[in-house]
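Q: Here's my sequence, what's the structure:
(chains A and B)
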Amino acid sequence: MAARRISDIIDEIRREVRRLLADLEMDLELRRPMWDYETRSLEPLFTIKETEDEIIVTFDLPMVDKNNIRINATEEMLEVNARLREEIRIEGLRCVEGGTSFTCFRKVLRLPTKVDPTKARARFRAGILEIRLPKKVKKYRVEIE
Amino acid sequence: MKRICTAYKKCGDEMRVIEKKTLPTETPYLISGLPDVGLVGAIATYHLITEMKMEEVAYFDSDMLPPIIVLHGGEPKMPIRIYGRDSFYVVTSEIALPSEPLVKMLARAVVDYAVEKNVKTIISVGGLATPNRMEIKEPKVYGVAVREEGKALLKKAGVDLLNEGYVVGIYAWILKECTQRRIPSVLLLAQSHRGYPDPGAAASALKVLGKMLDIEISVEQLLKEEERVRLKLRELMRRTNTMLERVQKGHELEIPPMMYV
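A: This next block holds a predicted model:
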């Protein structure tokens, strides 16, 4: 068997450390509850996708009507507040005797890169909110001589 | 209660099936709906169990499982259970499996149980991550089949085969076990949101399942309660997403490299 180069071993260790850190980050995320008793709010599921020019954020907002969604954006942050059509009672929450009712979804996100919030667009279809935020730093095409 | 089979016994790890009762039928079907893309299988089996008024017949147990007991009506229950009625066994789970070894162990235990029960065909229900799901009103269902019996079931329900692509996660393990052990098997994959619970996709899969098995499955209630179901399954979906990330579920969106097959 060919001897492994030191650089290969270092690369492997680097990959493993990266994987362990990602796992740790996911574990910490899972320990956070998806509800807040103080504000009676639920955290929605969301995804962030990055394209060349845009950050596309989607939120799953069931039991919400379009008119009850408020979106605020800055260059680095995105905030979504959405009132539920009706109060939702959730039983079986640990720490809250007898369960409690929730009235809205709320989420504040730090965006992975700076965006131009004045050019953001949003659409809401079948309970899914999609927000497209153009990146602030645009790439310029370089011509080949 | 009796312990009827033990799968994957290695280094002290094992998945056990503890049986409470058995169905009188000799050649049943086994339907498996475990947390995966869009929770399609889990939602479909929760609905099927309620709709067909099935009763719990067994549960899976392992020292490797997280220490979780689910309470329903004050009664403690194991989170991964088997329900049954007439000639159908249904495997469902209320937790996402936190590690890849557990996924393998459960897949083998499901197939072992099916062999023990002389199951005709194992039918798994899952989701097919579809980027433009927001635009699709009625999700289409594709199929993967092991052996001719599986293909015949898909043909009977008019399901198109998924010709190219990857299957990753627990259903890949079930298909692998069935292929190696020559057990007829079908995987139904409904177009679905990747990271959000998708009752619409589950309803499409259930309609196909009904056609395959000649049973009436009403999805009216499921579609009526769609938004509430999505809201209540947020946390299971979040855990499932994390688990899928770990088993490299992103593979399913890739194009397979074989050029001439």
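
Q: Could I get the full set of strands for chain A?
A: Per DSSP state E, chain A carries strands over the ranges A:35-36, A:41-42, A:46-50, A:54-60, A:64-73, A:77-90, A:100-110, A:121-125, A:128-134.

Q: swap in the stretch 1-150 of chain B?
A: B:2-10, B:13-19, B:29-33, B:55-61, B:70-72, B:75-77, B:80-85, B:88-93, B:122-129, B:141-146 (DSSP state E, counting those that start in this stretch).

Q: Each with direction, which strands does the third one pair with?
A: Using DSSP bridges, the strands paired with strand B:29-33 are strand B:88-93 (parallel), strand B:122-129 (parallel).

Q: tell me which parts of chain A are close to chain B?
A: By C-beta under 8 Å from any C-beta of the partner chain, the residues of chain A that approach chain B are A:23, A:26, A:29-30, A:34, A:42-45, A:47, A:60, A:62-63, A:88, A:90, A:92, A:125-128, A:130. C-beta coordinates here come from the backbone N, C-alpha and C atoms, glycine included.

Q: what packs against the helix or strand bottoming out on mean pLDDT in chain A?
A: Lowest mean confidence among the helices and strands of chain A (mean pLDDT, DSSP states H and E): helix A:6-31, at a mean of 83. When contacts are defined as 3 or more C-beta pairs under 8 Å, 6 or more residues apart in numbering or on different chains; DSSP states H and E, helix A:6-31 sits against helix B:234-246.

Q: mind saving the C-alpha coords of the helix it packs on as PDB?
A: Backbone C-alpha positions of helix B:234-246 (Å, rounded to 0.1, in the frame of the first residue of the first chain) are rendered in PDB as follows:
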ATOM      1  CA  ARG B 234     -42.600  21.400  12.300                       C
ATOM      2  CA  GLU B 235     -40.300  19.900  15.000                       C
ATOM      3  CA  LEU B 236     -40.200  16.400  13.600                       C
ATOM      4  CA  MET B 237     -39.500  18.000  10.200                       C
ATOM      5  CA  ARG B 238     -36.600  20.000  11.600                       C
ATOM      6  CA  ARG B 239     -35.000  16.900  13.200                       C
ATOM      7  CA  THR B 240     -35.600  14.900  10.000                       C
ATOM      8  CA  ASN B 241     -33.900  17.600   7.900                       C
ATOM      9  CA  THR B 242     -30.900  17.400  10.200                       C
ATOM     10  CA  MET B 243     -30.800  13.600   9.900                       C
ATOM     11  CA  LEU B 244     -31.200  13.800   6.100                       C
ATOM     12  CA  GLU B 245     -28.300  16.300   5.900                       C
ATOM     13  CA  ARG B 246     -26.200  13.700   7.700                       C
END
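
Q: Taking strand A:100-110 as reference, get the angle to it.
A: 40 degrees (axes from the mean of the first three to the mean of the last three C-alpha atoms, to 10 degrees).

Q: so helix B:234-246 versus strand A:46-50, what angle?
A: Going by the same axes, to 10 degrees, helix B:234-246 makes 40 degrees with strand A:46-50.

Q: Reduced to three states, what does the closest residue to B:M237 other than its chain neighbours come out as?
A: Distances taken as C-beta to C-beta, 6 or more residues apart in numbering or on different chains place B:P197 nearest to B:M237, at 5.1 Å, with adjacent residues excluded. Counting by DSSP: H, G, I helix; E, B strand; the rest coil, the backbone at B:P197 sits in coil.

Q: sorry, back to before: please indicate which of the residues of chain A next to chain B are buried?
A: A:26, A:30, A:34, A:42-45, A:47, A:60, A:62-63, A:88, A:127-128, A:130 (16 or more other C-beta atoms under 10 Å in any protein chain shown).

Q: if we can go back for a sec, next, work out how far apart the residue nearest to B:M237 and A:R85 are.
A: Plainly put, B:P197 is 18 Å away from A:R85 if you go by C-beta to C-beta, to the nearest Å.

Q: Right, and chain A sits closest to which residue of the stretch 51-200 of chain B?
A: B:Y196 (4.2 Å; C-beta to the nearest C-beta).

Q: need the contact list for that residue.
A: Contact partners of B:Y196, counting by C-beta atoms under 8 Å, 6 or more residues apart in numbering or on different chains, are A:45, A:60, A:128, B:38, B:230, B:237.

Q: Now for the last one: which residues touch it?
A: Pointing back at B:M237 there. Contacts of B:M237 by C-beta under 8 Å, 6+ apart are A:45, B:39, B:195-197.

Q: Having no further points to raise, I will conclude here.
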